[in-house]
Every structure is written in C-alpha cells, then in structure tokens.
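Build the 3D model from these lines:
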Amino acid sequence: MPCTGVPSQPCGGPDRMNLFWNGITAPPPPETITNLGPDGWVSEGCYTDSVTARALANRVDTTGGGSVMTIQLCVSACKTAGYSLAGAEYSGECYCDNAFINGGPASDQTICSMKCNGNSTEYCGGADAMNLYSFGGAAPVSASPVTSTPVPSATVTLPSSWASLGCYTDTNGQRALTNFRNNPNGGMTVETCIGLCVNGGFSIAGVEYGGECYCDSKVMNNHGLAPDRSTGCNMACTGNAGEVCGGPNRLNAYAAGPAWVQLGCYSDQPYQRTLANSMQMTGTLTVEICLASCETAGYTLAGVEYGQECHCGNSFDNGGGPAPDGSAGCSMACNGNSTEICGGSQRLSMYGYINADGTMSATVSASATPTPVPTPAELPAGWSYSGCYIDNANGRILATQQPDSNTVTIESCINTCSSIGYSIAGLEYSSQCFCGNEIIAGGVVASTDSQCAMECSGSSAETCGGPDRMSIYAAGAVQVAPAPAVQTADLPGTWTYQGCLSDDVGYRTLPAEIDFGQNNSATTCLSYCASQDYSIGGMEYGAQCCKLLHNFFAPPWI
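Residues are numbered from 1 along each chain as shown. Coordinates of the predicted model:
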C-alpha cells in the first residue's frame, strides 16, 4: 500500500508491514533442549507414535489445556492418573500408560523437535513422535499391541436433536473446538463424545484422530467444512470400529438444535449468488445481526460476506459450496465487530439452522447465468468512462474512500469526487465510491469490462464495479502512478530495511503504534522511532507507524 505521505513508496498493507531495523541486536532467545525429567521422572528419549496405533493408549487433559502444555504438566497429569509412563507430543498433547503398546525408540531423535506450547525452551515431541518419560527411571516395557481391522462407516445413530455437520478442518494450537474431553472408561465413539460434551454444557461435539473428543458452543478459529469433503475423515473410532472418528487435522462435527451453527467458508459470485436473498443492513454488521435477520425472514441459511453484507436463503444456488481453498478466503473482520469474521471477497462465512429434531433444510438448485447491466450513455459534463481497473492487488488504487451507501450511482460518485477537488472517481462492489487524482498502487486495467458488472446500489440500470474491480471515470486523461518501491537508501541514521512481515490485529508484531495520517513515509516513521529511542520500526496500512523497543525480541526475523 502506498505511503500516505509519499505514494511512490509502500507502507505495508492489510496485516503486512514493511520492517526496518537500526542494527541493535538483543541477546538470542534461550536454547530449546530435551527436559531430562522433573520430580522423579526420567527422560527415555524420543519414541515413534501413530494416530492409528498409539504408543501410549490414554490421552489426558493437562492443567490449562494443550495451549500451555509443558513436560511438568504432562508428567504430573499422568502421575495423578496412576500411570508410570508419560509422553508429550505435537507441542500440546499428553499421553499416559504403564507400558508402550506400539512404536518404540526412534532411530532419528530429531523427529522430536516441536517446542512445548507452554515452554519454548523444552521439546514436546513432534508429529507421530513423543518425548517419553518414566517415573523413577524404570525402563519402558512393550506390551502386546491390540490388533483389529476396522471398517468404519459414516452411519451413526445420533441422540435426539443432534445433527451431523460433516468433516471439518482442525489444527493443533488453533482448534475448531477448543475443549478437549477424555473418556475415563477408555475408547471413543461418536455417542460417547456427544455425551461428554452435553455433560459439559456444550452444543457442538467433534471426534478426531480416532480417539479424541472436542467440545464447544461454536466453531472457532475460522474452521469449517473441509475442502476435500469427507476424504480426510477416515479413521475408525477406538471404541467402535464401525464408526468414523475424524482423521489427522480433521474432525467429524455434530451439533444440537434448535440453533444456528457455522458450516464453513463457501464460494460466491456477484451475479451467481450462493444465497439468493441479500438483506439490507442498517448500521454495522455482526454475525448475530445477520442470523437474526435471516431467521426473522424465515430462512434456514445465512451468510456474511465482504465484512458488511448479509445474505439469506433456503438453498445453495448456482453450484455454490465449500470454498476450494478451505477457510483461507474468509478473512475479513465484520465492520460491526472486529473480533468476528464476515467472509471475504467472493467468500461467505456460512451458517445453517438446525431444527429441534436435528434436521436441516438446505437444498441445491440449478445454476443461472447473469446478465450484466449497461453503463448509462450520459455522464456529468467533462467526465468519461476510463475502464474497469483491478483494485487491491497491491492496495487501493484510489486513496480516498467515501462512506458506503445504498444510494450510490455513477453520477453521485462523480459529483462527490468533483466537489472535493478530485479528477478521478471509482465505483466498486455496488455501493462503494473512491476518489483521487491518479491511479496508485500499480493499478492496471482488467482483462475485460465484464469484470465490472455489479449493479449500482442506487440504480439497477448502472454498473458499479465488482469484487476488487473498480469502474473508473475521469475528467480528462487518467494519470497512473508507478507501483510503490521500498526505500532502502537515504534512510535516517543506521536504519536498514528488513523485509515484509506478516502481522495480525490481535497479536501485533510491533505492539506500539502511531498514525501519521497523510504524511507517513519511511523517513517520517523511522525519524520518529529514533527520536523516541525505539530501534525497530515498521509501516503498515499506509498511514500507520509501528515501533518496538530494542530489548523486546531479536532478529533475524522469521
């Protein structure tokens, strides 16, 4: 995104910052080692494991959950449960037993290379590998493995009011369902997991890796239906080989009605809507507002999109379904609640209503072919159409955005921009109007005008751009500025450019921030950082200057 003070330079982008460093290096972080064993426990080294044939049969909860897992917490949990062996795996999982059933000492100790979630200075196993500990140092004994040939099926008799949501994505550390539940009687089935979740007061249950159970009241961390559908949910339940209990990073999810539940991230098209009915929202949008509006109108499907749109329906139309890239495209915060996700560009965060009897009413209808509507022949005096431009490839191509409106027309946008001294007007996504005196951020013309084919919110006879496509109108010739180039020379003092870093609004890479409005640039930001005794500075989102004290963490950047 162009710096607001020097448009020929970039100042980061959405959740991306250009980072500079003044050369002052803090001490390196502590080295990660294998814990030799706390409180009478002894490290036995790295053991192989498998999600289909566990080396230690019993997974246990640790205090605080897997996100704060340490070796001390794991061995303490196993000792309290009466076991003499403990294994830490995959950064946040703890397993116990009195003998290892499968697996054995690993020939390659480096496969136990994942740091504990709660202590980065010690290892907690790896993928299909665990750091094994024995109480008192007694050599681990191998027991005869339990053999079976499961032939799982997806058919499960669910409790009343419960419905299957399908195969959902999941990741360790960012769970779709955040509450792990252990079956004290051993073995796991779908019915057992649902019962454990009901007893805990949860309305959603998920089974994973054959023997794991997770619960929650909503789907978390933007997970949803897996893009490969049910392919990854293929592991037999440890308590019933005839049932499926998810798979690696996949869980079979179930939910109780009557309630709205998240279905995942769905694809959408401006003229081939997955949900047929768009709701006019007043004020700012949240997921809850959209769900309530759709329910009041009698719809059983609801989707939020582009941070500010609510769509409803009783069927998935035009071939719409789970997005092929999973939840990646659903990444835009709701404009009424920045802690919620409201879809993305051509992506719906989809919700479905489960009835009290555990049924859902969603059907699939045939596709329809949209017909773009024309651009009017008459424009305000001196203005002409200049083409359909690609927006947001490197940031906004016009710097000044007007408030979104449901009465936008080509004429209204041109009049607004002209009245405040701009010579270019751009219309996007039906209801958005942008102004400027030049095309910035390396904006280029789209391959066809048909990509700008959304009806204007204020006139169905006009087209106002499309998703990341801007209909450009200008008074005279359109001036196009070059794409921003990083300033690497003539920086203040000893500052040097370190690259483009990812950033997250909830977990800032640099915690302190100042907004320079229309005057931001590398020179402006870094000069300010130096004057405040900061040694790290970064520009983000065009106008923001972020900084960090030199002793907070050390390069090299990852």
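
just the strands in the stretch 1-150 of the chain please.
16-21, 41-48, 58-59, 85-89, 93-97, 115-116, 119-123, 129-135 (DSSP state E, counting those that start in this stretch).

Make CSV out of the ones you listed and add mean neighbour count, mean pLDDT and distance to Asp533.
C-beta: built from backbone N, CA, C; applies to glycine. Below are those laid out as CSV (neighbours: other Cβ atoms under 10 Å; pLDDT from 0 to 100; distance: least, Cβ to Cβ, whole Å):
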stretch, mean neighbour count, mean pLDDT, distance to Asp533
strand 16-21, 23, 88, 14
strand 41-48, 20, 92, 44
strand 58-59, 20, 84, 49
strand 85-89, 29, 94, 41
strand 93-97, 24, 91, 43
strand 115-116, 20, 94, 32
strand 119-123, 18, 93, 28
strand 129-135, 25, 93, 42
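
quick one: which of the ones you listed is nearest Asp228?
Counting by Cβ to Cβ, Asp228 lies closest to strand 93-97 out of these; the figure is 23.8 Å.

Could you export the closest one as PDB, CA atoms only?
Output in PDB follows, covering the C-alpha atoms of strand 93-97 (Å, rounded to 0.1, in the frame of the first residue of the first chain):
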ATOM      1  CA  GLU A  93      -0.700 -33.400  23.600                       C
ATOM      2  CA  CYS A  94      -0.100 -35.700  26.700                       C
ATOM      3  CA  TYR A  95      -0.400 -39.500  26.700                       C
ATOM      4  CA  CYS A  96      -0.100 -42.000  29.600                       C
ATOM      5  CA  ASP A  97       0.200 -45.700  30.200                       C
END
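
That one pairs with which strands?
Sheet pairing for strand 93-97, assigned by DSSP bridges, gives strand 58-59 (antiparallel), strand 85-89 (antiparallel).

before we move on, the earlier item: quick one: which of the strands of the stretch 1-150 of the chain is nearest Ala461?
Short answer: strand 16-21, nearest of the strands of the stretch 1-150 of the chain by Cβ to Cβ, at 38.8 Å.

what's the closest one packed up against?
strand 496-502, helix 522-531, strand 536-540 (3 or more Cβ pairs under 8 Å, 6 or more residues apart in numbering; DSSP states H and E).

rerun that using 7 Å as the cut-off
Counting by 3 or more Cβ pairs under 7 Å, 6 or more residues apart in numbering; DSSP states H and E, the packing neighbours recorded for strand 16-21 are strand 496-502, strand 536-540.

buried stuff in the shortest one?
By neighbour count with 16 or more other Cβ atoms under 10 Å, strand 536-540 contains the buried residues 536-540.

Next, format those residues as TSV and append distance to Ile111 and pLDDT.
Shown next, in TSV, are the buried residues of strand 536-540 (distance: Cβ to Cβ, whole Å; pLDDT from 0 to 100):
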residue	distance to Ile111	pLDDT
Ile536	35	88
Gly537	39	89
Gly538	36	90
Met539	40	90
Glu540	38	87
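
Let me know the closest of those to Val304.
Glu540 (25.3 Å).

Test my guess that Tyr42 contacts Ala138.
Check again: residue 42 is Val, not Tyr. No. Assessed by Cβ atoms under 7 Å, Val42 is found out of contact with Ala138, at 8.4 Å.

The helices and strands packed on strand 16-21: which one's closest to Val478?
Closest among the helices and strands packed on strand 16-21, using Cβ to Cβ: strand 536-540, at 27.0 Å.

show me the contacts for the closest residue to Tyr83 other than its chain neighbours.
Excluding the flanking residues, the one nearest Tyr83 by Cβ to Cβ, 6 or more residues apart in numbering is Cys96, at 3.8 Å. The contact partners of Cys96, taken as Cβ atoms under 7 Å, 6 or more residues apart in numbering, are 56, 58, 60, 78, 81, 83, 85-86.

so how far is Cys213 from Cys96?
Separation of Cys96 from Cys213 (Cβ to Cβ, to the nearest Å): 16 Å.

One more: Glu191?
Glu191 is 11 Å from Cys213, by Cβ to Cβ.

One more: Thr359?
Counting by Cβ to Cβ, the gap from Thr359 to Cys213 is 24 Å.

okay, those two: which has more neighbours?
Neighbour count, other Cβ atoms under 10 Å: between Thr359 and Cys213, Cys213 has more, with 27 against 12.

What backbone torsions are found at the closest residue to Gln272 other than its chain neighbours?
Spatial nearest neighbour of Gln272, excluding adjacent residues (Cβ to Cβ, 6+ apart): Asn318 at 4.0 Å. Asn318 adopts backbone torsions of phi 50, psi 30, taken as degrees, to the nearest 10.

and Asn318, how many neighbours?
22.

wait, isn't it in contact with Leu275?
No. Between Asn318 and Leu275 there is no contact under Cβ under 7 Å: 9.6 Å.

need the buried residues of strand 536-540 in JSON lines with distance to Leu510, can you?
Below are the buried residues of strand 536-540 laid out as JSON lines (distance: Cβ to Cβ, whole Å):
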{"residue": "Ile536", "distance to Leu510": "7"}
{"residue": "Gly537", "distance to Leu510": "8"}
{"residue": "Gly538", "distance to Leu510": "5"}
{"residue": "Met539", "distance to Leu510": "10"}
{"residue": "Glu540", "distance to Leu510": "8"}
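
Looking at the residues you listed, which one is closest to Ala205?
Glu540 (39.6 Å).

which residues does the closest one contact?
11-12, 16-17, 503, 546.

Let's see that with 10 Å instead.
Neighbouring residues of Glu540 by Cβ atoms under 10 Å, 6 or more residues apart in numbering: 1, 11-19, 501, 503, 508-510, 513, 520, 525, 546.

So in terms of bridging, what pairs with it?
Beta-bridge partners, per DSSP bridges, of Glu540: Met17, Gln544.

Now Gln262. Its backbone dihedrals?
Dihedral angles (degrees, to the nearest 10) for Gln262: phi -80, psi 130.

Kindly report the same for Cys245.
Dihedral angles (degrees, to the nearest 10) for Cys245: phi -120, psi 60.

That one is in contact with Tyr254, isn't it?
No. Judged on Cβ atoms under 10 Å, Cys245 makes no contact with Tyr254 at a distance of 11.3 Å.

nearest to Ser471, of the helices and strands packed on strand 16-21?
That would be strand 536-540 among the helices and strands packed on strand 16-21, by Cβ to Cβ, at 28.5 Å.

Next, the angle strand 16-21 makes with the closest one.
Interaxial angle, strand 536-540 versus strand 16-21 (axes from the mean of the first three to the mean of the last three Cα atoms, to 10 degrees): 160 degrees.

Pull strand 536-540 out as PDB, backbone CA atoms only.
Presented in PDB, the C-alpha positions along strand 536-540 are these (Å, rounded to 0.1, in the frame of the first residue of the first chain):
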ATOM      1  CA  ILE A 536      12.700  -1.300  15.300                       C
ATOM      2  CA  GLY A 537      10.100   0.400  13.100                       C
ATOM      3  CA  GLY A 538       7.500  -0.700  10.600                       C
ATOM      4  CA  MET A 539       4.900   1.000   8.400                       C
ATOM      5  CA  GLU A 540       1.600  -0.700   7.900                       C
END
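
please begin residue numbering at 4 from this point
Okay, using 4 as the starting number, the last item reads as strand 539-543.

any idea how far it is from the chain center?
On the basis of Cα atoms, centre = their mean, to the nearest Å, strand 539-543 sits 23 Å off its chain's mean C-alpha point.

so where's this structure uncertain?
Applying pLDDT under 70 to the chain flags the ranges 29-30, 147-158, 273-274, 285-286, 365-380, 507-512, 514, 550-561.

Thanks a lot, see you next time.
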